[in-house]
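In: Okay, here's the prediction I keep looking at, along with the sequence it came from:
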Number of protein chains: 2
Amino acid sequence: MTALQEQPTLAPEMLQKIDAYWRAANYLSVGQIYLCDNPLLKRPLELSDVKHMLLGHWGTTPGQNFIYAHLNRIIKQFDLDMIYVSGPGHGGPSVVANTYLEGSYSEIYPEISHDEAGLRKLFIQFSFPGGIPSHASPECPGSIHEGGELGYSLSHSFGAVFDNPDLIVACVVGDGEAETGPLATAWHSNKFLNPASDGAVLPILHLNGYKIANPTVLARIEHEELDQLLRGYGWTPYFVEGDDPELMHEAMATTLDTCVEKIKSIQHDARQHGNLTRPRWPMIVLKSPKGWTGPKVVDGVPIEGTFHAHQVPLSDPATHPEHLRMLEDWLRSYRPDELFDEAGRLKPELAELAPTGARRMGANPHANGGMLLRDLKMPNYRDYAVDVFPRGVMGIGDTHAMGPFVRDIIKLNAEQQNFRVFGPDETASNGLEAVFDVTSRQWDARTQPDDEFLAPAGRVMEMLSEHQCEGWLEGYLLTGRHGLFNCYEAFIHIVDSMFNQHAKWLKVTNGLPWRHKIASLNYLLASHVWRQDHNGFTHQDPGFIDHVVNKKASVVRVYLPPDTNCMLSVMDHCLRSRHYVNVVIAGKHPAPQWLSMEAAEKHCADGIGIWDWAGNEGEGNGDGGEPDVVMACCGDVPTLETLAAVSILREHLPELKIRVVNVVDLMKLQPHSEHPHGLADPGFDALFTKNKPVIFAFHAYPWLIHRLTYRRTNHENLHVRGYKEEGTITTPFDMTVLNDLDRFHLVMDAIDRLPQTGEKGQALKRQLTAKLAEHRQYICKHGQDMPEVREWRWRD
Amino acid sequence: MTALQEQPTLAPEMLQKIDAYWRAANYLSVGQIYLCDNPLLKRPLELSDVKHMLLGHWGTTPGQNFIYAHLNRIIKQFDLDMIYVSGPGHGGPSVVANTYLEGSYSEIYPEISHDEAGLRKLFIQFSFPGGIPSHASPECPGSIHEGGELGYSLSHSFGAVFDNPDLIVACVVGDGEAETGPLATAWHSNKFLNPASDGAVLPILHLNGYKIANPTVLARIEHEELDQLLRGYGWTPYFVEGDDPELMHEAMATTLDTCVEKIKSIQHDARQHGNLTRPRWPMIVLKSPKGWTGPKVVDGVPIEGTFHAHQVPLSDPATHPEHLRMLEDWLRSYRPDELFDEAGRLKPELAELAPTGARRMGANPHANGGMLLRDLKMPNYRDYAVDVFPRGVMGIGDTHAMGPFVRDIIKLNAEQQNFRVFGPDETASNGLEAVFDVTSRQWDARTQPDDEFLAPAGRVMEMLSEHQCEGWLEGYLLTGRHGLFNCYEAFIHIVDSMFNQHAKWLKVTNGLPWRHKIASLNYLLASHVWRQDHNGFTHQDPGFIDHVVNKKASVVRVYLPPDTNCMLSVMDHCLRSRHYVNVVIAGKHPAPQWLSMEAAEKHCADGIGIWDWAGNEGEGNGDGGEPDVVMACCGDVPTLETLAAVSILREHLPELKIRVVNVVDLMKLQPHSEHPHGLADPGFDALFTKNKPVIFAFHAYPWLIHRLTYRRTNHENLHVRGYKEEGTITTPFDMTVLNDLDRFHLVMDAIDRLPQTGEKGQALKRQLTAKLAEHRQYICKHGQDMPEVREWRWRD
């Protein structure tokens, strides 16, 4: 701090100007919440000037306006490349007011002009049908983080500065938000930042003391504890506390100077002197009253500085005439006539306080990341193809085989520095160990000689927090880069809610032409439900895709490649795609390989198809070209079991005409009217027939297939097997047995639907029932699958 | 600490005995991971004594064995009522070994006896098909927390000690686990604990330094930072660090003495002297090597004290003969002959180190909470019935009307102290403000004069972390108490994964007869998707029920009461139920009331039914008693829109015979074979007909209804409307319009499926289309719904 300095940081005139700018933002914020007319108060306020429904959140707004005004000053002073992340749930009025004042808002929305008519529209649209919500929503320029759901501001901010060495993200963290788990662990992000090649995050913990109806924890511990907590998290906190604007302006300006100088000094030290020891980055604790400058007391209830300031402090002017007077007094307390000219334009001496051009936080291209997006340089995925001779040959594990492809993407983009892999301590466990040939885990905490693949700079981000991985990746994507999140399938549910918010962001920005498209969010879910030798029931849940397909068809895609070559083709496609969420589910254990690269490419391009080589319908008679039964599969393990079942059927019931259909792109099953990938009905009927039994082995919960296909012609004959919450620690094959997805059950399912198999079919069923009993005995004795299963191989 | 003490805490003989006990636990742990025979090493170890598949997790185990042995001592010394929570994911071998040693394991599983045969079975069952997993799973006595998924140990522990003043939970927190968001915020639980009426949690942060493949953050920050972090979280940390067993035993014993004395002193101070100032509770940081006492180096790779010790250090004795020798050396390093007698029984001088009876952590009834469960004293919910005259009269909001019922449950159980309400700062916002008539939010941080409803003791637990609310509640339920979690509907997804784990726990314990049933986990999801005036798109997601119904039918229930009286009946049922997860979705805004209490009781008992008074099929001809159309609804807003649609149909097309079906219990729609609540097909057909059009207005995503009903006779004629990810800030009615769920769309849907309505129907459609355009214009002008909609009332 600068306790001994003699000159104030802000000359008196500057302080007055900043205060006026702040008042202007506060005025516009109150106006948005309340007014539908008379925006400049040119005449006394009347009830008809006030909206019918009063919605919005005042509490956090004046504090954020204060911060924004001061950030503007510091951006100009140091010519900073800075964006703003508004962590508290409902800072909408503030970011809208400030981007309007700096001009970036009207550049995008010219009808919200810098005059009285524009002000009126600005006010009306807020929290109004068809208008804008009370968060820093995608509609607001400069936003990469909309609030609403809480807890991800710091993770997003760190994601934004990775590989952006000149960028500073000013991240306002709400003290309510700070109680969430994701935020509580996100403070540790400073151990994963490289001061040389990444930018900086300046957290501003906004301690306004209250949530919706409660004080906040961090506001009610002792000052010393808060200081210890933040230092324990590795930060150097600077406290700015008070409610007297004059004192607060000076304190905030001085502190921001200190913080920016400190950031620059750390970066200089790292970049010029190679000092990569983890710095204790500066941060600010801004303690200011909730609803600062708003009404002090309403109807005898204290408002300013209490949780009562959270939403709309004067809630019912229609039935309380005195509320209308208080509202007018409140608005006039900002002295709008000093701030705006007669036409409604911010006075020039105030307007010049804001940065210009792309330095304005509402116009910074990092906050519209698609503008900066460069294509990934992609190696030719065909170069990583695996051999499939003989067909069914065991591979090393699909994710292991794909590892070199990801490794080479990292290598090819080493100069662009725009691709990272994220995962909660599982990148190696999920089979992507090849990436460590060319890069490390980025890690700026202490190291020891035995450590492996840790370095101050690395393309792999691993922290044991799915929230952090997701939040970092979202921040990275939203600022125009590319990435891959690898995760255990069961635990990706940890970020269900974060996925929701990101998918919603994508949907809304799809409708905003000025928002450039960003790279897709790619999930690779390995360590899936069917292989849990080390774990068991707790690690088994394939339901993330049920969750994903609830979101808009325009933004979600789900792929289940059956083998390595398909996986390579799918992953290449996903990494090139834009503005989707792609979910790819694949195995990491040795598994049979089915398709040559050429066949895989065609299959993945189609997304679904008949595997002629596996069925036998082409071999002879058949019923007008139609098979007797369709054996369908989706997912690597279901494909294996289906092919094994088909082998049994072909051997024991050779007169049956069998068709094998494999699904890579799950969305192919939906009607075309529901998803752009969906097959038209004739195409679907051509694959699944109109009236033949279909035995469908599916990776996840079986009812998802019914949900996707209930409108299809042949739905009535569709019999689906999948995970039904059975299983524990057991062998790979036994997992399928416990869920009736194994080859023996699939054969019996087919026989049950093929009365023409007669006594021969029944005999086979009895044989397979005995086989299942033998299996049970064998695994209980030997702890592994019987050789007949372990050593089974496809024979063309 | 006791640096100046002259006498050691442990007499030499005692130290040796504790060390021997620890060795015994370590021996049994290694045995579980490796052996299938020769459990006492009576002969040289051979390959055939070793399991084929080596699975399990050694890394965390010896440290936890160390802790357990020392906790045994302290329990005996102070006669403590203590249970053990094993936070690291894979402490299975440790808790199994220790409960076996103390005898509680064999009391439940007599076949795992205290002799050589029992040891052999103990070893084989671990991570073996049909055996037990590598976590502290439900099968293990003493466990209320199974690990697997990480991050909830501290929340569970705090939940366990609320209202259990004499209980101490020793909670081992893994340093990997400590990186998760939920754990990072759970440290703050100490601000919500009342030292007088609650028990104590003794966290033991197990700093063994590594996760699966990485060092941990907390092990690689500076000692001073870790100390600051924990003090900042409000704890007083005591460090026990080292790897020399002798020094470590003494240090751990001394530190545990100090901690227990400190806990007792805090409690005495609060209970005898009324000092409720927030204490700085003690905690332990145990820094010990990962895989302590295991192999130091294998194949030239360091193991002990590195992440390589995470799973199975000697992974392939079958192909590495030297691994077999090392394994034998490792096992013999514990000197089993000194620990077990010839028969395989733990030597008496060691066995006596464990506590006896219910003081054993594996036999403590708190860890089998159903044993301690007392029924809630329930007020008569009928006393809270609301008047429904005239039918359709506006209520004050269903959750508001239920508030007094919850309030009185709190009142009636004030003495039992076994019911709490949990919610992330939303209990008032969700309409349960009546509870504050009789209780407060429990809060032990600083207070200020303006605070409302904060007190050191209170029945309402509010922290802005859904993870904390869920974790606390789970801990509270698992130890035999009752509770209610109220939450915004969209944000309950934050705990999707925690719900998964709890539902899995319920499923597994359902199959363990010695595990007594616990109270259900009750969710009240108010502030639902259809009413988001203050918020918007970010707050809209009704998909939690899609997630819930993926879990076993034996443990999940979903209710959507259409009005207050139904809600009272449903909530009474849920709070009395056992071993389920109940999801109740209800509104908090003023809404029409449909059923008298008598009718509501019948309707809720049936779970689904025809609302005769709403339809007109009873009024005359009809087609053999069958209606022309079924208008079905589920959820409060869909019910309102359906009834409004029926009014329109009855007025304009009076010749139509209309049936109204309302669904309260969603599971009624599933086939009886899939869910115990499911209607048999004849019952379903009787309601929905076999061939008439059904227009179904649903609260959540429409395809969920298809998923539940695709096997029903009349599924083909089922047309479902629900939320389809459309909406933003807008009026209540407009939300339904944007998703085609509004009355006008429902009428048009019916007409489209009723060709007999002819030109009259088409004319009505044109009229309603105009109405929708009028609506759009009106809300864009006035910001609220048009009076025709706002003021619409049902007329019998």
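Out: Good, I have the coordinates.
In: low-scoring stretches of chain A, by residue?
Out: The model of chain A has pLDDT under 70 over residues A:1-5, A:619-624.
In: longest helix in it, by residue count?
Out: helix A:245-273 (DSSP state H).
In: Are there helices or strands packed against it, and which ones?
Out: In terms of contacts (3 or more CB pairs under 8 Å, 6 or more residues apart in numbering or on different chains; DSSP states H and E), helix A:245-273 is packed against helix A:12-34, helix A:61-78, strand A:200-206, strand A:236-241, strand A:282-287. C-beta here means a position set from N, CA and C on the backbone, and glycine is covered the same way.
In: what packs against the fourth one?
Out: The one in question is strand A:236-241. Counting by 3+ CB pairs under 8 Å, 6+ apart, strand A:236-241 packs on helix A:223-232, helix A:245-273, strand A:282-287.
In: Need the contact partners of it.
Out: Residues outside strand A:236-241 that contact it (CB atoms under 8 Å, 6 or more residues apart in numbering or on different chains) are A:1, A:205, A:223, A:226-227, A:230-231, A:248, A:251-252, A:255, A:258-259, A:262, A:280-288.
In: Swap in 6 Å and give it another go.
Out: Contacts to strand A:236-241, defined as CB atoms under 6 Å, 6 or more residues apart in numbering or on different chains, come from residues A:230, A:251-252, A:255, A:280, A:282-287.
In: follow-up on the earlier one: for the longest helix of chain A, buried residues please.
Out: A:245, A:248-260, A:262-263, A:266-267, A:269-270 (16 or more other CB atoms under 10 Å in any protein chain shown).
In: Number of residues surrounding A:Glu791?
Out: A:Glu791 has 8 neighbouring residues, counting by other CB atoms under 10 Å in any protein chain shown.
In: what about it, distance to chain B?
Out: 15 Å (CB to the nearest CB, to the nearest Å).
In: who touches that residue in this structure?
Out: By CB under 6 Å, 6+ apart, A:Glu791 has no neighbours at all.
In: I'd say A:Glu514 and A:Tyr109 touch.
Out: No, residue A:514 isn't Glu; it's Trp. No - using CB atoms under 6 Å, A:Trp514 makes no contact with A:Tyr109, being 9.1 Å away.
In: Counting neighbours around each, name which of those two comes out higher.
Out: A:Tyr109 (20 against 13).
In: A:Glu601: which element?
Out: helix A:597-606 (DSSP states H and E).
In: my guess is A:Arg711 meets A:Pro671, correct?
Out: Yes - the pair A:Arg711 / A:Pro671 is scored as a contact, 5.4 Å apart, by CB under 6 Å.
In: Can you point out the buried residues in stretch A:666-678?
Out: By neighbour count on 16+ other CB under 10 Å, the buried set for stretch A:666-678 is A:666-671, A:674-675, A:677-678.
In: JSON lines please, covering those residues and showing secondary structure and distance to chain B.
Out: Formatted as JSON lines, those follow (DSSP: H, G, I helix; E, B strand; the rest coil; distance: CB to the nearest CB, whole Å):
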{"residue": "A:Leu666", "secondary structure": "helix", "distance to chain B": "14"}
{"residue": "A:Met667", "secondary structure": "helix", "distance to chain B": "13"}
{"residue": "A:Lys668", "secondary structure": "helix", "distance to chain B": "17"}
{"residue": "A:Leu669", "secondary structure": "helix", "distance to chain B": "12"}
{"residue": "A:Gln670", "secondary structure": "coil", "distance to chain B": "10"}
{"residue": "A:Pro671", "secondary structure": "coil", "distance to chain B": "11"}
{"residue": "A:Glu674", "secondary structure": "coil", "distance to chain B": "9"}
{"residue": "A:His675", "secondary structure": "coil", "distance to chain B": "12"}
{"residue": "A:His677", "secondary structure": "coil", "distance to chain B": "16"}
{"residue": "A:Gly678", "secondary structure": "coil", "distance to chain B": "13"}
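In: Pick out the most distant pair among those.
Out: Comparing every pair within these by CB to CB identifies A:Leu666 and A:Pro671 as the most remote, at 13.4 Å.
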